[in-house]
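> Provided below for reference: sequence and predicted model.
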There are 2 protein chains.
Amino acid sequence: MKTPFLYSCLLGTFMATAQPSVTVFENYIDKNGARILSDFTSLLSIPNVAADLPNINKNAAYIQDELEKRGVQTKQLRMIGTPPIIFGYLPTKGATRTLAFYVHYDGQPVNKDNWVHEPWEPVLYNKAMTLGGKPIAMPKAGEPIDPEWRLYARSAGDDKAPILSILTALDAIRENKLTLTSNIVFFFEGQEEAGSVQLRNYLEDNHELIDQIDLWMFCDGPVHQTRQPQLVFGVRGSTGMEVTVFGPSRPLHSGHYGNWAPVPGQMLASLVASMKDENGNVLIEGYYDDVEPLTVRELEALANVPEVDTQLREELGLADTEGNEPLYKRLLYPSLTIRGLSSGNVGDLTRNVIPSTATVSLGMRMVKGCDPEQMQEKVEKHIEKQGFHIVREIPDHDTRMKYPKIALVERENGYPAARTSMDDPFALQVVKRTRDVAGDQLVLLPTLGGSLPLYLFTDVLKKPAIIVPIANHDNNQHAENENLRIANLWYGIKLMGALMTMEK
Amino acid sequence: MKTPFLYSCLLGTFMATAQPSVTVFENYIDKNGARILSDFTSLLSIPNVAADLPNINKNAAYIQDELEKRGVQTKQLRMIGTPPIIFGYLPTKGATRTLAFYVHYDGQPVNKDNWVHEPWEPVLYNKAMTLGGKPIAMPKAGEPIDPEWRLYARSAGDDKAPILSILTALDAIRENKLTLTSNIVFFFEGQEEAGSVQLRNYLEDNHELIDQIDLWMFCDGPVHQTRQPQLVFGVRGSTGMEVTVFGPSRPLHSGHYGNWAPVPGQMLASLVASMKDENGNVLIEGYYDDVEPLTVRELEALANVPEVDTQLREELGLADTEGNEPLYKRLLYPSLTIRGLSSGNVGDLTRNVIPSTATVSLGMRMVKGCDPEQMQEKVEKHIEKQGFHIVREIPDHDTRMKYPKIALVERENGYPAARTSMDDPFALQVVKRTRDVAGDQLVLLPTLGGSLPLYLFTDVLKKPAIIVPIANHDNNQHAENENLRIANLWYGIKLMGALMTMEK
């Protein structure tokens, strides 16, 4: 399936020159709003669950065709049984950098019962359903469009909005005879919501297409909860472990043996309690040792992040939070979370027994500097310090008779954090140009709390990668009634246009 | 349903005189072994699950008839929809005490799939199945009987063996023209395995039959694990509580919020860990305060209890036990057991979330002196000392916003421990007479670890009550392939005969 891509075919119309004002894109939207929404509706009408390959291929063909129509050289990167990657290329004469726009065209599976409308039959609303919005007809050409309208459909926010933004920005560039200022790569993945299982292989197998890229822009995720635009420079890494401790080899009568037989739930509680203090700080030795210190620019950026804690605490019914520090500060440290606890039964199934095991599922998030396996190693050292003998499978009788405290540890695979320097010259150019669209409202976040395999780009390909979100934070991503606020689509078009034409 | 019982009808044959030698019963068994096993088989052939009222009534009629045949005055105590109690009475001229024999004729429900034979089709084995035993034919009259044989059937051990023992002892007494030395009451319950729900009501409604009883003997449970006979003077009480602690009002993404949102599993682990030290001692203030000290006689008895810890630890795969003290010593203190822990998910269902709640189910066993509600009160005080605000229902938003740490506490009903004094004159008589059968091997236990509503007799009726077990400890009570070791049946017959004829 690997055929060399024809870089030789250049597009004559695009030339690298000085950057245009963002007003050009605003005017284009003003004149073409109705058509843009209609185009978006067409894109959103094709079901796009990664496992549904026939429809995934329809999406790929549709998007590839739309890119081709706009003069983009395209190619589907393919692996058997996997959604293809749509690779697009726009070479620019005299360009000294290559910018890649990553978007994913697949969406989360749906539970139709929970949706007000069919997920792939887009419906326009005059405001958010949750604010009492009502469905309205699609606007005709020239009719005014309220930016607070919402378009409801699967992937409206996550993640087809950037695709439509890119296509529309290309239209605006062409109509206004603007010139591109970079070589541009489009890298549209079709398996993101199914875990990007083949992403590493796709990158390796197609390295001759990939190596030239100077900066990756991940057009995914939402803007800030305040609705202010944002750029994000990293993600936390993710891994986990499951730890099971052992009491008697079979559940025992809690009367006949209670106070004598070791109780695994008690042993586990003590172990878990030893891992964190009352303020939510991890007590495992060295857990924070490898955390890379923040740069001056990251500290400055953090100081300017709008406060969201009050709103979030109210929303989540929380009188207090761990460490009594703002969310964005806490995300800059590795975390240790009890994702699950299980021993015996509670509720109606409770029985008067001493269960024979107790299990905790530990979720771990890492920041720049922390290696997943080394972090797991530190947790295991801590478990041993608490007096446990660590085993890799259910202990046999001899092991049980030898060690009073036994912990079965099962490590999960994971991947590290990624963070692009806020001083990276390409990233600085993107920040500067984004300010042309977003103004002083632009929020710069050193990292998301969540995880994406961004390290594949920053640490494997060794290229800067930043997250460039478009969607509103209340887009119901991954859930029913997903939607895009029209103002965010307008923002996306302007931003994509601005980035493609930014100062050389 | 309440009709006065006819105490006036006396049995002429039984007269209170000096006690006979146990040899009388041994000889009777030697001569009648085959018939006794055949009688036991008939009794065990009637299905006896408490919920199966038609069959329960067959059991009651059969047992009542067998008692009547042996000159016992009988009466079924009845409540609608409940298994009847078979009440039997043997008045003895000149008797100065009334002894009651409690037995239950119902058995645990069965899962036939797990049984080697039909549960209510008794099969004789030449030794225990677990030791490679094989089924054998029932012996004919005069054929030798190996006391290591086992009879397999539901309720063979729990709890029809004492019934057959009593019936056979009555036969031996009559054949040998022995005289009874006490007024004797038989109180055969049919709902024990279903929780003795109506026992209190039965006792209250029939107090005119009950009040005269001087000593209750609970013929239930197994003898010591060493196969030595035992008498047990009490049980622990039992209650429980469920405690749920709260994090965010909905499960949160562990990446976006991990290190900031309070993690209920962590809060719960700290709470649970604070309740007990590494040695298994409860740290809740006052938990041991009300424990009644052991008497000199109880301490003496304990010193003579055979050591079972080594065997049990080997059987249960335990390198160590709580407090490093022998089982029987540990059972003399109240216990606190983690019966269940639950938060989020573990294993294949693990998700990267911060769950919104975590729950622990606490089981509590009490010893003499501890009141269940006061013990629950102490646990709640401890929870409050750990900084939790206690609520009785799911907290609302205002409560959540006011208290950083909230614990929903749900108390279970329970009942107290019961312990009969080892210096009780009636109990001393039983101990002395049991030694005639058991010799120096007799084990005297101040209490079982488990719980029975014995307090109804000791604390409500205010009469001494002791447990007089017959079955082998490996009788598979409550499980599949329940069985009785024939030696234990012989012991039961001798013991019942001896007790009914003990010194005035």
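That came through fine. Numbering: from 1, shown residues only, chains lettered A, B, ... in the order given.
> so A:G340, which of the three states?
Under DSSP: H, G, I helix; E, B strand; the rest coil, A:G340 falls in the strand class.
> Distance of it relative to B:S270?
A:G340 sits 17 Å away from B:S270 when distances are taken as Cβ to Cβ, to the nearest Å. The C-beta positions use only the backbone N, C-alpha and C, and glycine is treated the same way.
> Between those two, which has more neighbouring residues?
More crowded of A:G340 and B:S270, by other Cβ atoms under 10 Å in any protein chain shown: A:G340, with 26 against 22.
> For that one, give me its contacts.
Each residue near A:G340 by Cβ atoms under 8 Å, 6 or more residues apart in numbering or on different chains is listed here: A:359-361, B:265, B:343-347, B:349-350, B:355.
> Ok, A:L268 next?
Contacts for A:L268 (Cβ under 8 Å, 6+ apart) come out as A:243, A:245, A:341, A:343, A:358-360, B:269, B:341.
> swap the cut-off to 10 Å and go again
The neighbours of A:L268, taking Cβ atoms under 10 Å, 6 or more residues apart in numbering or on different chains as the test, are A:243-247, A:341-343, A:357-360, A:407, B:269, B:272-273, B:338, B:341.
> Just confirm it is within a helix.
Yes. With three-state DSSP as the criterion, A:L268 is part of a helix.
> Excluding covalently adjacent residues, which one is nearest to it?
Spatial nearest neighbour of A:L268, excluding adjacent residues (Cβ to Cβ, 6 or more residues apart in numbering or on different chains): A:A358 at 3.9 Å.
> Go ahead and report the secondary structure state at that neighbour.
In three-state terms, and counting by three-state DSSP, A:A358 is strand.
> mind giving me the domain split of chain A?
As recorded under automatic domain parsing, the domains making up chain A are A:23-223+A:469-500, A:237-291+A:333-411.
> Let's have those domains in JSON lines, adding distance to B:A261 and mean pLDDT.
Written out in JSON lines, the entries for those read as follows (distance: least, Cβ to Cβ, whole Å; pLDDT from 0 to 100):
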{"stretch": "domain A:23-223+A:469-500", "distance to B:A261": "17", "mean pLDDT": "96"}
{"stretch": "domain A:237-291+A:333-411", "distance to B:A261": "9", "mean pLDDT": "96"}
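> Ok, which of those domains comes nearest B:K127?
Between B:K127 and these, the shortest separation by Cβ to Cβ is 23.4 Å, and it involves domain A:237-291+A:333-411.
> tell me how far the closest one is from the chain's mean position?
For domain A:237-291+A:333-411, the separation from the chain centroid amounts to 29 Å (computed by Cα atoms, centre = their mean, to the nearest Å).
> so how far does it reach from one end to the other?
Between the start and the finish of domain A:237-291+A:333-411 there is a gap of 15 Å, counting by Cα to Cα, to the nearest Å.
> hang on, A:R433 in a helix?
Yes. Counting by three-state DSSP, A:R433 falls inside a helix.
> buried set for stretch A:207-216?
Under the neighbour-count criterion of 16 or more other Cβ atoms under 10 Å in any protein chain shown, stretch A:207-216 has A:209-210, A:213-216 buried.
> Could you do stretch A:83-101 as well?
Using 16+ other Cβ under 10 Å, the residues of stretch A:83-101 that count as buried are A:83-92, A:95, A:97-101.
> can you tell me which two in these are farthest apart?
Based on Cβ to Cβ, the longest span within the buried residues of stretch A:83-101 runs between A:P83 and A:A95 and measures 29.7 Å.
> how about the domains of chain A in TSV, adding distance to B:L37?
Listed next are the domains of chain A as TSV, based on distance: least, Cβ to Cβ, whole Å:
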stretch	distance to B:L37
domain A:23-223+A:469-500	63
domain A:237-291+A:333-411	30
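> what packs against the host helix or strand of A:V437?
Assigned by DSSP states H and E, A:V437 belongs to helix A:425-438. In terms of contact count using 3 or more Cβ pairs under 10 Å, 6 or more residues apart in numbering or on different chains; DSSP states H and E, helix A:425-438 is assigned the packing partners helix A:23-44, strand A:98-104, strand A:215-218, strand A:230-232, helix A:296-303, strand A:443-445, strand A:465-467, helix A:486-500.
> Among the domains of chain A, which comes closest to B:I63?
Of all the domains of chain A, domain A:237-291+A:333-411 comes closest under Cβ to Cβ, at 28.3 Å.
> before we move on, the earlier item: identify, from the contacts of A:G340, the entry nearest to A:G33.
Checking the contacts of A:G340 against A:G33 with Cβ to Cβ, the nearest one is B:P355 at 43.8 Å.
> Now do the contacts for A:A269.
Counting by Cβ under 10 Å, 6+ apart, A:A269 makes contact with A:245, A:263, A:341, A:343, A:358, A:360, B:265, B:268-276, B:338, B:341, B:360.
> same deal with A:K378?
Listed by Cβ under 10 Å, 6+ apart, the contact partners of A:K378 are A:282, A:284-287, A:289-290, A:334, A:364, A:370.
> What's the ChimeraX line that selects buried ones from those?
Here is the ChimeraX command that picks out the buried ones among the contacts of A:K378, judged by 16+ other Cβ under 10 Å:
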select /A:282,284,287,290,334,364,370
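> Among the contacts of A:K378, name the ones in strands.
The members of the contacts of A:K378 that map onto strands under DSSP state E are A:M364.
> Quick check: closest non-adjacent residue to the most centrally placed residue in chain A.
If you average the C-alpha coordinates of chain A and look for the closest C-alpha using Cα atoms, centre = their mean, you land on A:L452, 5.1 Å from that point. The spatial neighbour of A:L452 that comes closest, neighbours along the chain excluded (Cβ to Cβ, 6+ apart), is A:V235 at 4.8 Å.
> just A:E307 next, same as before
Counting by Cβ to Cβ, 6+ apart, the nearest residue to A:E307 once its immediate chain neighbours are dropped is A:P326, at 6.7 Å.
> Report the separation between that neighbour and B:H256.
Going from A:P326 to B:H256 by Cβ to Cβ gives 14 Å.
> The two: which has the busier surroundings?
Set side by side, A:P326 and B:H256 give different neighbour counts by other Cβ under 10 Å, the larger being at B:H256 (18 against 15).
> I'd guessed the more buried one sits against A:V308; true?
No. Taking contact to mean Cβ atoms under 10 Å, the distance of 11.3 Å between B:H256 and A:V308 leaves them out of contact.
> and for these two, which residues touch both?
The contact sets of B:H256 and A:V308 overlap at A:L327 (Cβ under 10 Å, 6+ apart).
> Apart from its chain neighbours, what residue comes closest to A:L302?
Closest residue to A:L302 apart from its sequence neighbours, by Cβ to Cβ, 6+ apart: A:Y328 at 6.0 Å.
> Double-check the one you found against A:A301; I have them as touching.
Yes. In terms of Cβ under 10 Å, A:Y328 counts as a neighbour of A:A301; the distance is 9.3 Å.
> what residues are up against A:D474?
In this structure, A:D474 makes contact with A:128, A:130-131, A:150, A:157, A:222, A:225, A:227, A:483, A:485, judged by Cβ under 10 Å, 6+ apart.
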